[in-house]
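Sequence and predicted structure below; questions after.
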Protein chains: 2
Amino acid sequence: MTQNEPRSYCPISLSLEIFGDSWTLLVLRDMMFAGKRHFRELQQSDEHISSNILADRLARLVEHGLLTKAVDPTHKQKAIYSLTEKSITLLPVIVQIGAWGSRWVPESKKQDKATRKHVRALQDGGPPVWEHVMSELRAQHLK
Amino acid sequence: MTQNEPRSYCPISLSLEIFGDSWTLLVLRDMMFAGKRHFRELQQSDEHISSNILADRLARLVEHGLLTKAVDPTHKQKAIYSLTEKSITLLPVIVQIGAWGSRWVPESKKQDKATRKHVRALQDGGPPVWEHVMSELRAQHLK
DNA sequence: CAGACCGCTTGCGTTTTGCAAGCGGTTGCA
DNA sequence: TGCAACCGCTTGCAAAACGCAAGCGGTCTG
């Protein structure tokens, strides 16, 4: 299952062929900000992704080098997904999307306060805070 | 045709319900960086969006307040699409996606040199250059 | 040994996409 | 005045992706 010819060589278009859908960035969001690393954890987000779609997205993310998959040493049946440097550097993109949504989409006001505070800190902190979070993710995910 | 209940109130998820698909951000890219404002111009990008999809995306963008539509005064049959403040503030998101793609997706090296130079300037310049471009877009699109 | 849990897989109906053709109206030129 | 080129879409249809519910073989827990 090799990848098809890209529709263009614009870096934006090429990037969107990797994560330009509804679910992929939400999976990365949950891994980055909620510390989720197992299949069933990822399934239990508010958005209720269905299991076949989740399985497909995880496979695609692994295939594109945005995640790695390993067996949990304490649980032979459990898979552990880890971020890679390639996906960790997507953090600024995700944070900016969150900032834009907070500013422009009124529904986001209904978010719970704890989450909002967490997100706010990341947005207001700017690049230095992003870098700090990214280095923590590196410590937890890259071996 | 009111919008459905969102799947969650996370600002990232809400944002992705607006532009989390393959085509929407490419339309905005062409308007921001290639100065396109007419239907048929937007159809002629390298990615070859088909006309029914383009019509759908433009309608959705107008519906969400990311574009406005007006009649070209010189051409009764022509529609002119304009960016809004809401969409202009998506520029940092789009630039960051481009930066990520330039760094991580090897295919993007095949892009033509002129485009790459233009994109590179935006990425290396950082927020001050983004602001400059955004203010030019405001001058051209907001009345 | 029973029951809960693990990461998926399967089947199936619905929605979205992609492609090609075309439509009614407008404009520019001979 | 006639006609071709162009305008923003719309339509029909096949293929692909999505969303839901159920279930599967294996593993760990009490």
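Sure, I can see it. Bear in mind the structure is a predicted one, so any value in this text is a computation, not a measurement.

can you give me the helices for chain A?
A:11-19, A:24-33, A:39-43, A:51-63, A:85-88, A:91-104, A:113-125, A:127-141 (DSSP state H).

of those helices, which approaches B:Ala55 most closely?
Nearest to B:Ala55 among the helices of chain A is helix A:11-19 (19.8 Å), distances taken as CB to CB. All C-beta atoms are positioned from the backbone trio N, CA, C, and that covers glycine.

ok so, going back, what about the helices of chain A, which gets the closest to A:Asp72?
Shortest separation from A:Asp72 across the helices of chain A is recorded for helix A:39-43, at 10.9 Å, computed as CB to CB.

what's around A:Gly35, how many residues?
10 (other CB atoms under 10 Å in any protein chain shown).

check contacts around it.
Contacts for A:Gly35 (CB atoms under 8 Å, 6 or more residues apart in numbering or on different chains) come out as none.

gap between it and DNA strand C?
Per CB to the nearest atom of the strand, to the nearest Å, A:Gly35 is found 14 Å from DNA strand C.

Compute the distance between that residue and A:Thr74, please.
According to CB to CB, to the nearest Å, A:Gly35 and A:Thr74 sit 17 Å apart.

mind putting the helices of chain A in JSON lines, mean neighbour count included?
Listed next are those as JSON lines, based on neighbours: other CB atoms under 10 Å in any protein chain shown:
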{"stretch": "helix A:11-19", "mean neighbour count": "24"}
{"stretch": "helix A:24-33", "mean neighbour count": "23"}
{"stretch": "helix A:39-43", "mean neighbour count": "15"}
{"stretch": "helix A:51-63", "mean neighbour count": "15"}
{"stretch": "helix A:85-88", "mean neighbour count": "19"}
{"stretch": "helix A:91-104", "mean neighbour count": "22"}
{"stretch": "helix A:113-125", "mean neighbour count": "13"}
{"stretch": "helix A:127-141", "mean neighbour count": "14"}
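
Worst mean pLDDT among those helices?
Among the helices of chain A, helix A:113-125 has the lowest mean pLDDT, at a mean of 82.

Name the surrounding residues that touch that helix.
Contact with helix A:113-125 is made by A:Phe33, A:Val95, A:Gly98, A:Ala99, A:Ser102, A:Gln111, A:Val129, A:Trp130, A:His132, A:Val133, B:Cys10, B:Pro11, as judged by CB under 8 Å, 6+ apart.

So the fifth one versus DNA strand D, what's the distance?
I take that to be A:Ser102. Taking CB to the nearest atom of the strand, one finds A:Ser102 at 23 Å from DNA strand D.

tell me the contacts of that residue?
So A:Ser102 contacts A:Ser108, A:Arg116, A:Val119, A:Arg120, A:Gln123, B:Pro11 (CB under 8 Å, 6+ apart).
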